[in-house]
Each structure stands twice: as structure tokens, then as C-alpha cells.
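Asker: with the input below, show me the fold.
(chains A and B)
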Amino acid sequence: MAEQLMLEKWSAEVATVTIGATKKEGDSRAKVIQVGAQASLPLLFAEGAIPHKPVIAFEIWDTAPLDWPAALNQAYKNELKEPLVWAEKCAKEFKADLLCLKLQGAHPDFGDRSADQEAKLVSQLLKKVDLPLVINGCGDDSKDNQVLPAVCEAAKAERCLIGNAVQDNYKTLAAAVLADGHNIIAESPIDINIAKQLNILISDMGLPLERIVINPTIGALGYGLEYAYSIMERARLAALAGDKTLGCPFICFVGQESWRAKEAKTEIESGIAWEIITAAALIQSGADILVMRHPEAISKIKAYIDRLFGGK
Amino acid sequence: MEKFKIKFFPDNKEIEVEKDKTILAAAISCGVYINSACGGDGVCGKCRVKVKKGKVVSQQNAVLSLEEKRENIHLACLTTVHGDLEVEVPAQSRLDFEKSSLYSQSEEIEAQKALDDEKLEYSPLVKKIYLELCAPSLEDNISDLERLYQGIAAVAKGIEFSFLQTGLANIKQLGELLRDANWKITVTLGYRNGATEIIMVEPGDTSARNFGFCFDIGTTTISGQLLDLNTKKVLGTKASYNKQAAFGSDVITRIIYAQEEEGLEELHKAVIETMDQMIRELIEENKIDLNDVTAVLCAGNTTMMHLLLGIDPTYIRRQPYVPTLNFVPTLRASEAGININPRGLLFCLPGVSSYVGGDTTAGVISSGLNHEKVLSLLIDIGTNGEIVLGSEEFLISCAASAGPAFEGSGVVCGMRASSGAIQKVQIEKADFKVNYSTILGAKPRGICGSGYIDIIAEMLRLEIMDKDGKIKPQKHARFREGENGREFVIAFKNETDSGTDIIINEADIDNLKRAKAAIYSAVSVLARKMNFDFAQIGKFFIAGGFGTYLNVDSAVRIGLLPNVERSRLHFIGNSSLAGARQAFLSYNAIKEAQEIAHKMAYLDLSGENDYMDEYMAALFFPHTDLSRFANLRDTGHGACDCGCG
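Answerer: All right, here's what the predicted structure looks like:
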């Protein structure tokens, strides 16, 4: 007799979030990215549909990163100073599916670029490359509240994914995202309750849960990875059991966390390995969008995802 | 050792202390009360004082802002005396005892009603009997004491106590007293641990004057009631903040403080002083002689009972959390330092465990939960919230530390439920007009727990606050930025008693959110642990020091109480005081209290892994699990009968 596996059947599924709008829909992206829609825990294909593969976003910055380790500087060299060239390289040479523009230069301590400058950059970037876009603010609440609404408007109807909304500062961004037809990243500090509360607060403002992506905050290998893993797992279990307020896809800032590890900074190879291992683990815990930095790590993870999904 | 003089304002009290003593210690030793929620650890920031004159040395701390330091504001617990000082204790660092000790007529009416309704048989714990004994003769020559016993036995049929006891002090004076009084005497009999004691013998007939005090000794609030033990009448009620609050706002910080040098003695003195003040005021108002007060009965949590008796509470806090005693034998009140008749008795209602005390037993008696045929739940909302689940078949309890917010402490404009407290609130959608009513209709002086519950429910209903408790600013004079986040004005200064605005701010809302989350999560963990869901619980008794009013619908809206049909929720007021009163007037009730305390099981929430998860999930209005609070009706403000429309 053939071995019978115990199969779990879930009553709900994760919401589908669409990033980017194509020409047909009146805008300019060559393709759209869809994430979410899982009716099963990660990679348990027999238990429920998993229609979308995890997707990788190349992280690019509006200003040259000063403290990136040698491995990253070698991979991009001079492109780091030119965001548009950098973006194009990711799109053409590395065949990126998705870009994540980090507006670090807007931070008062890292250049203090104005809202107008950032809005202009986003417009130019949208013209230069036709990939869907994730846009991430600088993390300074009051500056983000100036910059992100301008950016939202500059990218109006391009259906970008824009973050980060946090519990103490979500209203301005949620209102801008709602008005200009984007999706929002809701960031919580490795805390399932705050993730849930923030989703409720944002949806109370009129932005449907289908336009929210959870940033659960992660730690890299050796820096809290297991903790992030179990929070994501708990959230996903709740979502599949019917809790809609946690049924949003996850975005994980893998590159940012991995390259902060002391080990990643010392040896080129170990940095790449750190990013690969962190990303691979988070795929197992249900990550939908992985924001990554090193092209080699990205290509390895892409190949890994293809193998996991076996051509599905 | 050098000594310096410190003068405190506005108290105008002066004391001489040794160099290097803290300002807080100096204040305590001269009876100036400064808030100190953390018990002097320098972390809570409640003990800010302004040094107007003189030299001090302050330890580094992260609590004070630069501006405050520039203004010579210091933390009293971290600041030592290095010269003669003048110290101003600002209003927010003080506990206002005067204003809180007000007579609340409405509470009394309720108490009287409850007394008349009582099912328990009337047999007070202390009785006075007037006797006219036959003088002895050569034929009738039994001893004086035997003669007294026979006299008592002849009339005291109602007394169920099996043996009589008398102390030597009474016996020594008996011979002369009986003859001087011409054998006409009044005997005071008290129930004492299963026996009956002749507490005292007085000449003549004083049997009409037999009074007692019952107290609910809460961590934050102490309520006391003067009873006429003959007529079952409540003669007066007082409530006041527990003066122990100067040593920490919850039981744990008090226990820690008790371990300090003279800490236990100071805590003991603070509670006795609070009670003494109420006793004195009430007997003066009712023109009663202290000697006619024959007994005191107290209900309180286990730590409060230890401190009342001056017993070291250290082991309550240490694993395996065992108190020195749960069943307090009947003692003489004077042994605990309480001033009534020197031979008067002190009764304490029995407790269950380290964190479920006699106040809970009292709550069960007054709610009648132990006689319910249907599964019922008692929720006593206080600083230490207690929950009892059960019926006539079983009882199980748990405790949750909620903090004092619902008792009006730790919130900017909070006060207890007494005259002038805003207790019902309705906010109009169109122009944010706030309609409120106050206790006794007095000019508003602050907001009490039920007022806060209404305010939060209304702010949620009108969506002027998000579910996380952040106020959404509107272009309106009632919305403004304050020191502790945004504020909403409930009453403008031209309406209020003190002439300052009464407001609620985001820090207050946060405190109230934590308090309600602690209570709600304890209720849901206890029910789940026993494998019941709320649908199976027939009656919910809601108790707490809310005065006579609590809008249960508002309490559900903010997620304090479970979302069940409102007809199943019964607000029963201060159940601890009510139970204490019943026990005082009925020997059966005190026997029942003992049975309840024996029978009740205790669930230690600190050993429940899912309590913390539940608590975190409840830190939201009403709850992060929205399905538990689905279909909240938009009733407007249906339950309000204050004439506000």
C-alpha cells in the first residue's frame, strides 16, 4: 500500500497583491508581479494552491551607499553613484523582475534630498526601466511624511509598493497610497500583534487588505533569523485559519539585514553566502518578496526558487 | 552628622533630616505624600519636585528633560539633601486625599437597598445584650461569672456560638462592676473563631449603641462604611486613596518596599492612618462615641491584609508564592493598631491564595455566584483585578494586575468615583460637544473609571481615535497637542471646579488600554482553561469602585468586557464592600465566606503560556481579533439617562 500523508486543509488563503500596472491598464510597466494567494504553508504543494513563486527585488539607492562592504561595491562599481544606470544594469544585465528603490538620500543625516528631488528621480526611473517598483522611504518619520506623498504622486497609477508604514506613523503614507493607487508596506517589529493591529488601522482608513504587504522585520542568519521565521509562521498559520487581517504577503529586506552581519563585511564569499542562506530560510517561512543586494546571491536564490517550484 | 531643615510646600511642613537623606524619605517622615509608583527606584518619574531654595545632589536619570533640570525639577527619590531646602511638591506628584474622602450619598442609597434585599439571616458578629440579673443570696449563691453566663444563655437564643469565653481583664473587674451597676448591665458578645467571647461588660443599658465599620482595603482605594449593627443601617460611607500609594502603585512594589528598613512599619502605618481618618470623620459626623464601635471587618487582597496586620509579605512574591496566612483569626482591633473600643474585634474575610484575597471572597458572597445554578463569572475591576468563574458546583479564580487607571490614578485628570467625578459621557458627532454628568451633579473635578470607559467608547464610535488609541487631530478647540501626546478636552476650564481644563491624553488612553487588556485577557484565559466559551456563561457580574454607574455597553465597546448579550452583564458596584457588610451582619455569611475560600481553586496566570499572547492581542480597541467583537451595534448612547439626549 502506498504511503498516505496526513494532509492539512485550510479554510482561507493569503490575499493577492498586484504590483505594477501594464500598458493595457493605462500605465507603463512591461509586466506585473503578483504575490500571495497561497492556500497552504510554504512549499507544501499537496495541501493547497501556491500559484506564485517568491519574487526577488533588486535593491537600489537614490544616493551612493557609503558603508556598503567591498563585495557589493565590486559587484556594481560606479553604477552605485547613478541610480538610473544602476537600475538599468539590474534590469538588463541581471534580468531583474522587480526593483526596490531605497530613498536613503532623503534622510536628514544622509544627504537630506528634498521631496521634489525624490519625486523627480522616481519619474525618471519609471521612464528608464519598465519593471514594477517597490519604493522604500528613508526611515525618518517626519521626512518620510514629506517625501513619500510626493513620490506617490509622481508614480500615480503605477501601482507601486511603497513603505514603510509603522504603528506610530501610518496615516500620511496610507492616505497618499490610497489616493494614488499604490500598495503599502506595513512594518512591525517582529511582533504578530502589531502586524495585525497595523493592518487593521490601515484598512480602517479605506485601503483594502489586498493592497497591504507585511514587512515582519527580519534578522539575518545568526541575528534573529529563527525569531523572524517563527513570527512569519505564526502569522501565516493564522491567515490560513481564516484571519484576514494577517492574510497579507510578506516582504523581507534580506540584503539590508544580511550585509549588516559582521561576518558578511569581512569576507566577500561569506557575505554572499550570508545573503543566500538568509533568503533561503525565509522562503521556507513564507516570504513573498525578497529584497536583495548581491547579483550572485540573487541568481543563486532565483535558481533555488525554480528548483523548489519544479517548473510550476 | 550634619542636619538640615527642609520645608515642603504647599503643605507648609518642616522637618530636620540628616545630610544625604533623600527628599522622598524626608517627605515621608513628616507626612508629606509624594507619588512614587516605582517605590523609589528612580524609574517612574512620578515624584518630581521643584527645589526652590537650597543645595541638593541628584543622581543621573533618564526621566527628566533638560528643560525640567534647568527649572530645578528633581526626582525626590534620587535627590539627597545637602543644605537647608525649600521644596515645592507640584499637583501631579501629590495624591489628593482631602478631595477623595468625600461623602457619596448615591453610594449609600445603593448600599441601603442591598441591605434590605439581603437573603442572609440577620445575626451580627458582635451583639450587645442588656441583662437584669438577680442579685445573689444565700440560697442562690453561684459565682458572679456563672450568674453572668446563665443570664446570657437565658436570653441569647439567637446566638449559635457554642462556648462562652471571657478574658481575665473582664473577670477581674466583674465583681465590683456587677454590684455597682445594681446587676443591670450590658454585655457585648462577639463571634471569635467558633466561640463566643464576652468582649466587655458595661454598667446600665448601652445596647442601643452598637456600631461597626466594614472596609474594602484596595491597593489604590480604601472604602469604609459605618454600620448600625442593631438596625442594619448604613450610617455613612467614605472612600479615600490608600496612603500606601506613596510607596508604589501595585502590590509588588509594596512588597518590595516592605523589605526595606522600616518599610513594613511605614506601610502598616499608612493603611491604618487612612482607615483611622475615615473612622474619625464618620463617628464625628454621626456623633458616635468611639467606645460604641465594637468591631471592624476588612476585606482586601492578600498583600493588603498582610500589611494591615503588619505581617511581612515577602513570601507572597517568592516562588512558590505562599502567603503567611489566608484565614485570619479574629483578633482584637487594637492589636493591629486600629482605634475603636480597645476591646473591639477585628474580622478579616478569608482569602484563597497569594493573589486572590478576601475581597474576592466578599465579591462571591455579594454576587451570590456560589448559589448560581448557571455558570457565572465575576469580574472585579481594580488595580489587582480578580476573576471568579463557577456556580453552585465549583469556583475557580485568577488575578490580573491591571494597574490603577480605572480607579482614576495614573491618569492626568483621574479621580475616584466621588462628588464631581465625570461618570457618564456622550460626544456629539457634528461639533464634538461633550455632554457629561457628574456624581451628585457637582461641578466637574475630574474623571472616574466609568467616565473614562464612556469617553474611549465614544471616541471610538466617532472615529476621532484610532483602534490603537491615537487621537486623530481635528480642527477644533477640543483637540490639541500636549506634553504627553495629543489631548482631547472633556470640560473647559470655565465649566470645571478647579478652573483648569479636564482632558484625556494619549498617555492616559494607553494606560487604560493596558488595564482593560489585562482584565479581558485574564477572563478569556480562565474561561478557555476551563473549556468554556463565553456563550456558555449565563451571568457576568461586573464589580469595581465605579460608584453606582457603569455603562456596560461602553465597557464592551472598548474591549474590557466580552461581547455577549447585554442582558447577561450585571453591574453590581463595589462587591467587596457589599460582601464585607453582609458578612458583618450575618454569621451565616461569614461561615459561607470560609466555605468559599476553602472551595475556590486558583489558576496562576503567570504559569499560563498563552496569557501573555492574549494580553498582547488585547492591546487594541476593542481587540486585534475583530471577530470577537463583531456586530457591535451603533447604539449612539442609548444607556445614558443623564438627560444629555
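
Asker: and residue 229, what is it in contact with?
Answerer: No chain was given, so I picked chain A. A:281-282, A:284-285 (C-beta atoms under 8 Å, 6 or more residues apart in numbering or on different chains). Every C-beta, even on glycine, is put in place using the N, C-alpha and C of the backbone.

Asker: my bad, the chain I had in mind was chain B
Answerer: B:Leu229 neighbours (C-beta under 8 Å, 6+ apart): B:124, B:126-127, B:210-212, B:294-295, B:584-585.

Asker: and of the residues you listed, the nearest to chain A?
Answerer: B:Phe584 (45.3 Å; C-beta to the nearest C-beta).

Asker: from A:Gly286, how far out is the closest one?
Answerer: To A:Gly286, B:Phe584 is 61 Å away according to C-beta to C-beta, to the nearest Å.

Asker: my read: A:Asn199 touches A:Leu246, true?
Answerer: Yes. A:Asn199 is in contact with A:Leu246 according to C-beta atoms under 8 Å; the separation is 7.0 Å.

Asker: can you check which residues contact both of the two?
Answerer: A:Ile214.

Asker: pLDDT weak spots in chain B?
Answerer: B:92, B:95-119, B:157-163, B:633-645 (pLDDT under 70).

Asker: rerun that using 50 as the cut-off
Answerer: B:97-106, B:161, B:636-645 (pLDDT under 50).

Asker: how about the residues of it that lie near chain A?
Answerer: Contact residues (C-beta under 8 Å from any C-beta of the partner chain) of chain B with chain A: B:463, B:466-468, B:470, B:472, B:616-617, B:619-620, B:624-626.

Asker: mind putting the residues you listed into JSON lines with secondary structure?
Answerer: JSON lines is the format used below for those (DSSP: H, G, I helix; E, B strand; the rest coil):
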{"residue": "B:Glu463", "secondary structure": "coil"}
{"residue": "B:Asp466", "secondary structure": "coil"}
{"residue": "B:Lys467", "secondary structure": "coil"}
{"residue": "B:Asp468", "secondary structure": "coil"}
{"residue": "B:Lys470", "secondary structure": "coil"}
{"residue": "B:Lys472", "secondary structure": "coil"}
{"residue": "B:Met616", "secondary structure": "helix"}
{"residue": "B:Ala617", "secondary structure": "helix"}
{"residue": "B:Leu619", "secondary structure": "coil"}
{"residue": "B:Phe620", "secondary structure": "coil"}
{"residue": "B:Thr624", "secondary structure": "coil"}
{"residue": "B:Asp625", "secondary structure": "coil"}
{"residue": "B:Leu626", "secondary structure": "helix"}
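
Asker: mind putting those in CSV, neighbour count included?
Answerer: Formatted as CSV, those follow (neighbours: other C-beta atoms under 10 Å in any protein chain shown):
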residue, neighbour count
B:Glu463, 11
B:Asp466, 22
B:Lys467, 19
B:Asp468, 22
B:Lys470, 18
B:Lys472, 15
B:Met616, 18
B:Ala617, 21
B:Leu619, 21
B:Phe620, 23
B:Thr624, 25
B:Asp625, 19
B:Leu626, 16
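
Asker: if I pick A:Gly247, what's in contact with it?
Answerer: Neighbours of A:Gly247 in contact, by C-beta under 8 Å, 6+ apart: A:12-15, A:209, A:239-240.

Asker: mind doing that once more with 10 Å?
Answerer: A:12-15, A:36, A:38, A:199, A:209-210, A:212, A:214, A:235-236, A:238-241 (C-beta atoms under 10 Å, 6 or more residues apart in numbering or on different chains).

Asker: and if you look at A:Lys302?
Answerer: A:53-56, A:94-97, A:279, A:290, A:292.
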